[in-house]
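Peer 1: Sharing a model prediction with you, sequence too.
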4 protein chains.
Amino acid sequence: MTLSQTYKQVRQQSLDFCKHLQVEDFAIQVVKFASPPKWHLAHTTWFFETFILIPNVKNYAYFNSNFNFLFNSYYNNVGDRVLQANRGNMSRPTTNEIFAYRDYVDEKMQEFLRDLTDKKIIDLVILGLNHEQQHQELLITDVKYMFGHNPIFPVLHEDFNLVNVKNTNLESSNINGGIYEIGYQGNEFCYDNELGVHKVYIDDFEINNYLVTNGDYIQFMEAGGYADFNLWLDEGWSWVNNNQINAPMYWHKIEDEWYYYTLSGLQKVDTEAILSHINYYEANAFAEWKGMRLPTEFEWEIAAQQLDWGKRWEWTNSAYLPYPKFKKENGAVGEYNGKFMSNKMVLRGASVATSKNHSRATYRNFFNPLERWQFTGIRLAK
Amino acid sequence: MTLSQTYKQVRQQSLDFCKHLQVEDFAIQVVKFASPPKWHLAHTTWFFETFILIPNVKNYAYFNSNFNFLFNSYYNNVGDRVLQANRGNMSRPTTNEIFAYRDYVDEKMQEFLRDLTDKKIIDLVILGLNHEQQHQELLITDVKYMFGHNPIFPVLHEDFNLVNVKNTNLESSNINGGIYEIGYQGNEFCYDNELGVHKVYIDDFEINNYLVTNGDYIQFMEAGGYADFNLWLDEGWSWVNNNQINAPMYWHKIEDEWYYYTLSGLQKVDTEAILSHINYYEANAFAEWKGMRLPTEFEWEIAAQQLDWGKRWEWTNSAYLPYPKFKKENGAVGEYNGKFMSNKMVLRGASVATSKNHSRATYRNFFNPLERWQFTGIRLAK
Amino acid sequence: MTLSQTYKQVRQQSLDFCKHLQVEDFAIQVVKFASPPKWHLAHTTWFFETFILIPNVKNYAYFNSNFNFLFNSYYNNVGDRVLQANRGNMSRPTTNEIFAYRDYVDEKMQEFLRDLTDKKIIDLVILGLNHEQQHQELLITDVKYMFGHNPIFPVLHEDFNLVNVKNTNLESSNINGGIYEIGYQGNEFCYDNELGVHKVYIDDFEINNYLVTNGDYIQFMEAGGYADFNLWLDEGWSWVNNNQINAPMYWHKIEDEWYYYTLSGLQKVDTEAILSHINYYEANAFAEWKGMRLPTEFEWEIAAQQLDWGKRWEWTNSAYLPYPKFKKENGAVGEYNGKFMSNKMVLRGASVATSKNHSRATYRNFFNPLERWQFTGIRLAK
Amino acid sequence: MTLSQTYKQVRQQSLDFCKHLQVEDFAIQVVKFASPPKWHLAHTTWFFETFILIPNVKNYAYFNSNFNFLFNSYYNNVGDRVLQANRGNMSRPTTNEIFAYRDYVDEKMQEFLRDLTDKKIIDLVILGLNHEQQHQELLITDVKYMFGHNPIFPVLHEDFNLVNVKNTNLESSNINGGIYEIGYQGNEFCYDNELGVHKVYIDDFEINNYLVTNGDYIQFMEAGGYADFNLWLDEGWSWVNNNQINAPMYWHKIEDEWYYYTLSGLQKVDTEAILSHINYYEANAFAEWKGMRLPTEFEWEIAAQQLDWGKRWEWTNSAYLPYPKFKKENGAVGEYNGKFMSNKMVLRGASVATSKNHSRATYRNFFNPLERWQFTGIRLAK
């Protein structure tokens, strides 16, 4: 597939999901960390305009010069920007204007890609497409958050439940200790945080090929898991108490039965399905209760070939820190990953909401240990 | 005009303003106190459904039973409700569903009004229409707030500036002291807080027939009004400092010149026009600087006939407290006014955004002394 | 008594109360609005140094030039100051240093008073003594707050309960409507906010000679008073719910019996004693429940001669606003009262903690309607 | 030295520092994370009473049964406790009562130690002494925080500056990569978080034998270090901006010259002395500016023998996470370290305020990356 075709396909994928949305759905931001859909659509477009078209297309005519300010996410090198928490305060530009913006930039991009041979710019376009794929996952999880916090629990689509996935391999693997190489070694795209192949020493360990299910987690809940401070990290225990948490996100107890909000509406919890929407503290407490632990990101990467992975982002017991040979690029692109390397935990794998062709065994996802709105799950090791 | 015709006209007026809005504009809530337009449209409809149709129409079929919960504003007697700050978190029901809800309720209301003779219910319908008129003003001021806080300053309509109103009478009136009667004495509609005619004793006073202009206020600003603590009430001075206030709401200094956001877009401040969008503390500080004072609500009511009023809500120096003979009605309707009688100041008059047929000299408007998003102005007395 | 003698007596009175305190008690601030005892002792001294000695004593030698900054309360005209919330962060200067500061200033003041004849300065000294008396009451209520929030409930003194006061007159008075004069008319000291005698018109009213007792209030509580929103002002109802209030301040239910913290320790609530430590919203809700109302400050002043008052500060239904002829003095002294005239309610009477010779029928005390740490009570009218 | 003698010596050391304090200094808490000195004195005593005396001494008579609740720090297994932020709200028990409590427990402990042979209990006593030593360091840093935030900058002692320490070795060391063993291997006391010797693989690295000086850091500041977002982690950059940080804690610019608060009062910054009171984000930004990086805790431990360490806690680039063989003990003692293993960074070394005999190369200190009130410094590696 040519770069031009890939570009078209990835860009189209963002719009496909949006077909099920109403105009109002595009505009609203319920919580600071979840952006309005129209912001995602504009911001991913802004990325191509700002980093590809403006610096490389002679006399490039801006679609709208305000958009640089409106749709910058966190790139200090690019200038001022709207605060993240205020993205949902702007009814204008409308969704239609943003669709027009996408069309405009896509047309300019297709023209530009026709004669593009510069390897550095090609890499930047590929980065932009991977960036768009990351936002495609956020589009789904942010809409789920918005609908899941609407008292009438809207149905996005009857066939888009996303949570009733099952384990297929119920064994465990024993991995021998020794020196292993970590980091991306292929020739395709990867993020800068995966680079710099380096050695680590690992002890023998055992890791489950399967993830924790809703049924497993209900046992933890029924055994008083949310009330036993000995299972929790201190910050997790504060979070449980300050927010009176007693179940994963989106779960509701109705007439003594557990239900969860899914994008197909409120449904009975499927006890066979893989658990989702728990944070690092919950994952850690569950592991403690089981007398096991979360794997480190290195263990996970080493064992990856033998695991059944790709339906949930899996919390690891590794903090998100630079690899020994990590190099931050100059300028705005250098802000992509490196500056977030504090107070985050690494997640490995991929989720049901992850875009196709956007996962690999060396991928380092990372979130604040308190977050639960992604499709996050638990794999145990010991 | 029959009640049925009045009903139709008032309800239509809410929709007229909305013609200039885009779908996204209906859904967004920028700040706790300003509700999304679609919420206003639904809530005013909910009022008729809840207080007229449900109790009086046999076998009334709800449009949607969730709406009772979703669109209750502050009536504890009616049951649970969505928190005011969360009104903008709900993309669904969509604006179109709310238009359908309005049509449905309007049709049922027209049927019901046809044979309505019960005086108590007629009064409640009239209360509902006055309630809708109040929300028509909020619709305008809330949209102005949303647009005025959007960095691209959208234009609602080129001919809908609303702020360039001028004084017509530049004299002052001298009113003799003595005993006066206060409160509504007519046979038309008025709110419960205007009732209970009672006597007050007033000293001689002088009151301006005109309001403070933008030009007057710029003089105050240039004389250092926002920096001189001796002019300010203590809570006002904290507000100025904590928020680094140096001008009325919506004003921006651009290249050494004052502009303000209007619903026709950003415009140069018209120094001849009447000042707007200041809070009680600013009004009070300005009066102090002038060596004058704000009138009390009693002085205002006594002098009203001689004044040129109706373009701005005028801050008075009266706290919003019950009249001596105030009686709270039983049940939900009793929550309309009475429970807000603390920490509010009375505003008299009416603004350019006030609905037609919705103003009178005895009308007691009230707001938190910090608020500025209404079209509020200053009249001086001494 | 000469001014010099009065000075000595009033100053001594502040120290008398402190005899029962330990050194640690002097230093601590539990909550923003309650200052550490050593701050009260220093601030009242600062008042004399700043307003009497520094401007009038030639070559006056400061005790410590830092103290002007440290012990200014809220006088913007005097310069910068320590934030109110930070008064308890300063272990130094020590209590002993502050006693030395008092001795130093007292000695200089006695010298200065010997030859003082200037009427304006004499008035300022008298203001300073009244100011000290106000802080004597705060000393008591602030220490009660500190001890009452210490989990071990320290006893200040076995014979200093302060709350078991009883009503002596159980009748009601009927007052005829008409024009009355309000404001201070004597030749002694009064605050500026009492000045400007003016007329008000009042309707006939009835007022209780006695105050609400703990027993009365327990009936209200047992009748579900804290759970019935129809009794509450909107802001009061939010306060009840956000803070899960179900009793007056300092009350604790222990094994199904009500106790309250007093300066003599935790004691069983005396149902015959007059209720204390309720805020305006509680006072208003109780009155509503009784089908009565709070008197206005004018009604209170008119009826005062017939009432048994002086054991509790009594919430009135009047907002704290300037009298028609109120004049703010120039400079720092003008900040004494005037700038607090927003969002406060007037209390009339005096409490058991009020200094001797510091009460009169025209006295206007004022607090935020949420506060309960003063000895506040309820008188009903209708 | 016998255990009894060690006990006596360590306990005495806490009192030695307190000789320079005034009574008021013992009682105050300026900020949530810094406890009042008398709380430290009581809490360390509570540790011995709770974990040694109560479970092991038959018919042990409590000094005061309230103290269990008052002086528990964070042990959920021991029961309820006073919130950390409220430790400074309690003027009672007084400092003298706490001295009496110490005497009482010390006497009981000496009796108990006389015949003590049980290895497990001996270990717990030694843990209690190490615990006390940790609080001795906090005593110093908390008092520095209290005095350093008092506008009059009190002097604790003329000869107790603590910050003018210099580097003695200005070379760097080159360490060869390979497999190394990490963790405590001796027979003396260590914390549970240092246990479980395990192998790590490390690449070649270079590490400075000296720490960054105040002079070095001033160069960073003058080069605009606090204004260049490219040097900062995202959370660090927010912290700099939200708090307008432009220098280390305790630094003040006075007439164009840098001063810092020391326990000997305000002094000119010594540019030759080792930098102190910076947080992880500042350490990281400085390293970035230098084109170097912080060492990991493993690199630090491997290089320790060659380094000149022990005057500052040195931020490493390692998150505080369990070692592969970490085992949490059962019950309250298990809460000592393990539950804090999230969102903290490891510091290695020891500071001028660390108690004698309380440092070793395997010691893992940890703090929130935002904290600066410890004597923290920067060592660079590459």
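Peer 2: Nice, I can see it. This is a predicted model, so every value here is computed, not measured.
Peer 1: and residue A:276, how many residues sit next to it?
Peer 2: 28 (other C-beta atoms under 10 Å in any protein chain shown). To be clear about C-beta, it is placed using only N, CA and C from the backbone, and glycine gets the same treatment.
Peer 1: Look up how far residue C:230 lies from it.
Peer 2: Per C-beta to C-beta, to the nearest Å, residue A:276 is found 44 Å from residue C:230.
Peer 1: try residue A:132
Peer 2: Distance of residue A:132 to residue C:230, given as C-beta to C-beta: 55 Å.
Peer 1: The two: which has the busier surroundings?
Peer 2: residue A:132 (23 against 18).
Peer 1: Chain C versus the more buried one, what's the distance?
Peer 2: Distance of residue A:132 to chain C, given as C-beta to the nearest C-beta, to the nearest Å: 43 Å.
Peer 1: Over to residue A:347?
Peer 2: 36 Å.
Peer 1: For that residue, give the beta-bridge partners.
Peer 2: Judged by DSSP bridges, the bridge partners of residue A:347 are residue A:315, residue A:365.
Peer 1: can you tell if the lowest-mean-pLDDT helix or strand in chain A touches chain B?
Peer 2: Among the helical and strand segments of chain A, the one scoring lowest on mean pLDDT, DSSP states H and E is helix A:67-70, with a mean of 90. Yes. Helix A:67-70 lies within reach of chain B by C-beta under 8 Å from any C-beta of the partner chain, at A:69, A:70.
Peer 1: so what secondary structure elements neighbour that helix?
Peer 2: Helix A:67-70 sits against helix A:37-48, with contacts defined as 3 or more C-beta pairs under 8 Å, 6 or more residues apart in numbering or on different chains; DSSP states H and E.
Peer 1: picking up where we left off before, buried sites along the least confident helix or strand of chain A?
Peer 2: A:67, A:68, A:70 (16 or more other C-beta atoms under 10 Å in any protein chain shown).
Peer 1: which residues are contacting that helix?
Peer 2: A:42, A:46, A:49-50, A:62, A:78-82, A:90, A:93, A:101, B:151-152 (C-beta atoms under 8 Å, 6 or more residues apart in numbering or on different chains).
Peer 1: Would you write out the PyMOL command that picks the buried residues out of those residues?
Peer 2: To isolate the buried members of those in PyMOL, using 16+ other C-beta under 10 Å:
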select buried, chain A and resi 42+46+49+50+78+81+82+90+93+101
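Peer 1: Report the separation between residue A:109 and chain B.
Peer 2: Shown here: residue A:109 relative to chain B, a distance of 24 Å by C-beta to the nearest C-beta.
Peer 1: At the contact with chain B, which residues of the stretch 1-150 of chain A appear?
Peer 2: Going by C-beta under 8 Å from any C-beta, the residues of the stretch 1-150 of chain A near chain B are A:22-28, A:30, A:38, A:66, A:69-70, A:82, A:88-95, A:146-147, A:149-150.
Peer 1: Which ones among the residues you listed lie within helices?
Peer 2: Using DSSP state H, the subset of these located in helices is A:38, A:69, A:70, A:95, A:146, A:147.
Peer 1: of all these, which two lie farthest apart?
Peer 2: Spatially, the most separated pair among these is A:69 and A:147, at 29.4 Å (C-beta to C-beta).
Peer 1: Any idea which residue of chain A lies closest to chain D?
Peer 2: As assessed by C-beta to the nearest C-beta, chain D sits closest to residue A:319 within chain A, at 3.3 Å.
Peer 1: Identify the residues contacting the nearest residue to that residue once chain neighbours are set aside.
Peer 2: Nearest residue to residue A:319 in three dimensions, chain neighbours excluded: residue D:319, at 3.3 Å (C-beta to C-beta, 6 or more residues apart in numbering or on different chains). Contacts for residue D:319 (C-beta under 8 Å, 6+ apart) come out as A:319, A:321, D:344, D:345, D:346.
Peer 1: Quick check: phi and psi at residue D:319.
Peer 2: Reported as degrees, to the nearest 10, the phi and psi values for residue D:319 are phi -70, psi 150.
Peer 1: which residues does it bridge with?
Peer 2: With DSSP bridges as the criterion, residue D:319 is bridged to residue D:345.
Peer 1: where's it relative to chain C, distance?
Peer 2: Applying C-beta to the nearest C-beta to residue D:319 and chain C gives a distance of 33 Å.
Peer 1: any idea how far residue D:378 is from that residue?
Peer 2: According to C-beta to C-beta, residue D:319 and residue D:378 sit 18 Å apart.
Peer 1: Repeat that for residue A:289.
Peer 2: In this view, residue A:289 and residue D:378 are 40 Å apart by C-beta to C-beta.
Peer 1: Neighbour count for those two, which is higher?
Peer 2: residue D:378 (26 against 17).
Peer 1: what residue ranges in the stretch 51-200 of chain A are flagged as low confidence?
Peer 2: Nowhere does the stretch 51-200 of chain A drop to pLDDT under 70.
Peer 1: Would you map the strands across it?
Peer 2: Remark: strands assigned in the stretch 51-200 of chain A by DSSP state E, counting those that start in this stretch are A:172-175, A:178-182, A:198-202.
Peer 1: Those strands into TSV, with extra columns for mean neighbour count and distance to chain C?
Peer 2: Putting the strands of the stretch 51-200 of chain A into TSV (neighbours: other C-beta atoms under 10 Å in any protein chain shown; distance: least, C-beta to the nearest C-beta, whole Å) gives the following:
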stretch	mean neighbour count	distance to chain C
strand A:172-175	14	49
strand A:178-182	15	49
strand A:198-202	19	48
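Peer 1: now for the helix or strand harbouring residue A:207, which elements pack on it?
Peer 2: Taking DSSP states H and E as the definition, residue A:207 sits inside strand A:205-208. When contacts are defined as 3+ C-beta pairs under 8 Å, 6+ apart, strand A:205-208 packs onto strand A:172-175, helix A:297-303.
Peer 1: Packing partners of the last one?
Peer 2: What it means is helix A:297-303. Counting contacts by 3+ C-beta pairs under 8 Å, 6+ apart, helix A:297-303 packs against strand A:172-175, strand A:178-182, strand A:198-202, strand A:205-208, strand A:313-319, strand A:345-349.
Peer 1: By neighbour count, which of the contacts of residue D:319 wins?
Peer 2: When neighbours are taken as other C-beta under 10 Å, the top entry among the contacts of residue D:319 is residue D:345 (28 neighbours).
Peer 1: so what's that residue scoring on pLDDT?
Peer 2: Per-residue pLDDT puts residue D:345 at 98.
Peer 1: and what of the one 3 residues further on?
Peer 2: Predicted confidence (pLDDT) for residue D:348: 98.
Peer 1: what does residue A:331 give?
Peer 2: Note on residue A:331: pLDDT of 82.
Peer 1: wait, it sits on residue A:77?
Peer 2: Yes. Residue A:331 lies in contact with residue A:77 (C-beta atoms under 8 Å); the separation is 5.4 Å.
Peer 1: Near chain D, which residues of the stretch 51-200 of chain A are found?
Peer 2: Residues of the stretch 51-200 of chain A lying close to chain D (C-beta under 8 Å from any C-beta) are A:74, A:76, A:77, A:179, A:198, A:199, A:200.
Peer 1: and which of the residues you listed is nearest to residue A:171?
Peer 2: So of those, ranked by how close each gets to residue A:171 (C-beta to C-beta), first place is residue A:200, at 24.8 Å.
Peer 1: can you tell me how far the closest residue to the closest one other than its chain neighbours sits from residue A:348?
Peer 2: Leaving aside its sequence neighbours, residue A:200 sits nearest to residue A:298 (C-beta to C-beta, 6+ apart; 4.9 Å). Between residue A:298 and residue A:348 the computed distance is 10 Å (C-beta to C-beta).
Peer 1: Residue A:126 too?
Peer 2: On the measure of C-beta to C-beta, residue A:126 and residue A:348 end up 22 Å apart.
Peer 1: repeat for residue A:358
Peer 2: Distance, residue A:358 to residue A:348, using C-beta to C-beta: 14 Å.
Peer 1: I appreciate the help and will end here.
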